[in-house]
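Engineer: coordinates only, sequence not included:
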């Protein structure tokens with residue numbers, strides 16, 4: 001089954017647990033080995049150097065037509081975020097924006113978050129949001145309600161948040177649930193499809209931080225029929241990515 005991997009990492013971070021450096025050669029090998037048609041990357045460098053990270057990622061995306069990019073920007077730097085969006089989100093290689101909520105202070109419903117999300121609306125590209133706490137999970141869902149024309153991929157970053165996210169997201173119909181395999185119990189994908197419907201669950205491996213075996217098992221061995229696995233593994237992402 002061809003796959004679209006919604007979140008991979010280019011570059012080493014403090015969380016990296018990969019068996020080899022997450023570089024372009026390793027990414028191509030991963031895609032070839034496991035039949036991944038599209039790999040959507042972010043650059044850990046951008047968390048500390050937004051401009052440098054965006055430039056680095058743009059260069060890496062040119063190395064393989066299967067590579068797409070998430071532009072990492074910060075709600076704490078709205079002017080820089082708007083500048084980078086104007087430069088990179090107009091490029092076909094960039095599939096959307098990554099907003100990392102690493103702590104409650106990064107909640108995207110703050111004034112800075114609203115300013116950034118307002119600037120992003122014009123590009124008609126999805127926003128990938130991480131959630132690291134109950135407050136930031138609720139913040140992602142609230143932002144989705146406030147910006148109904150934007151599609152939000154919501155990725156909870158702990159086992160507990162993964163357990164509570166599905167029910168919390170149910171009424172925010174412009175959100176798609178993206179579990180992280182490292183925090184997902186068996187059949188979390190099938191449960192999410194049961195609650196949210198097959199069109200609101202998508203798949204990512206977090207390749208570059210974790211070995212992909214668990215993530216591939218999460219989609220290929222889940223309790224869904226082949227048509228639903230295909231939708232979660234690729235079609236839902238393809239329908240949203242521009």
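Structural biologist: On my side now, so go ahead. As the structure is a prediction and not an experimental result, all values here were calculated from the model.
Engineer: where does residue 64 sit: helix, strand or coil?
Structural biologist: Following DSSP: H, G, I helix; E, B strand; the rest coil, residue 64 is assigned to coil.
Engineer: residues in contact with residue 202?
Structural biologist: Taking C-beta atoms under 8 Å, 6 or more residues apart in numbering, we find residue 202 in contact with 6, 153, 176-178, 232, 236-237, 240. All C-beta atoms are positioned from the backbone trio N, CA, C, and that covers glycine.
Engineer: could you redo the last one with a cut-off of 6 Å?
Structural biologist: 6, 176, 178, 236-237 (C-beta atoms under 6 Å, 6 or more residues apart in numbering).
Engineer: and it, how close does it get to residue 238?
Structural biologist: When distance is defined by C-beta to C-beta, to the nearest Å, residue 202 is 10 Å away from residue 238.
Engineer: coming back round to it: need the contacts of residue 202 in JSON lines with secondary structure and distance to residue 165, can you?
Structural biologist: Formatted as JSON lines, the contacts of residue 202 follow (DSSP: H, G, I helix; E, B strand; the rest coil; distance: C-beta to C-beta, whole Å):
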{"residue": "6", "secondary structure": "strand", "distance to residue 165": "15"}
{"residue": "176", "secondary structure": "strand", "distance to residue 165": "11"}
{"residue": "178", "secondary structure": "coil", "distance to residue 165": "10"}
{"residue": "236", "secondary structure": "helix", "distance to residue 165": "16"}
{"residue": "237", "secondary structure": "helix", "distance to residue 165": "18"}
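Engineer: can you list the buried residues in the lowest-mean-pLDDT helix or strand in the chain?
Structural biologist: For the chain, using mean pLDDT, DSSP states H and E, the weakest element among its helices and strands is helix 213-220, scoring a mean of 82. By 16 or more other C-beta atoms under 10 Å, the buried positions in helix 213-220 come out as 215-216, 218-219.
Engineer: same question for stretch 90-103.
Structural biologist: 94-101.
Engineer: for the chain, which segments count as strands?
Structural biologist: 3-9, 36-42, 67-72, 94-99, 127-131, 152-156, 175-177 (DSSP state E).
Engineer: list the helices and strands the second one packs on?
Structural biologist: So the one you mean is strand 36-42. strand 3-9, strand 67-72 (3 or more C-beta pairs under 6 Å, 6 or more residues apart in numbering; DSSP states H and E).
Engineer: any idea how far stretch 135-146 is from the chain center?
Structural biologist: 15 Å (C-alpha atoms, centre = their mean, to the nearest Å).
Engineer: typed the wrong thing, it's stretch 121-131
Structural biologist: 9 Å.
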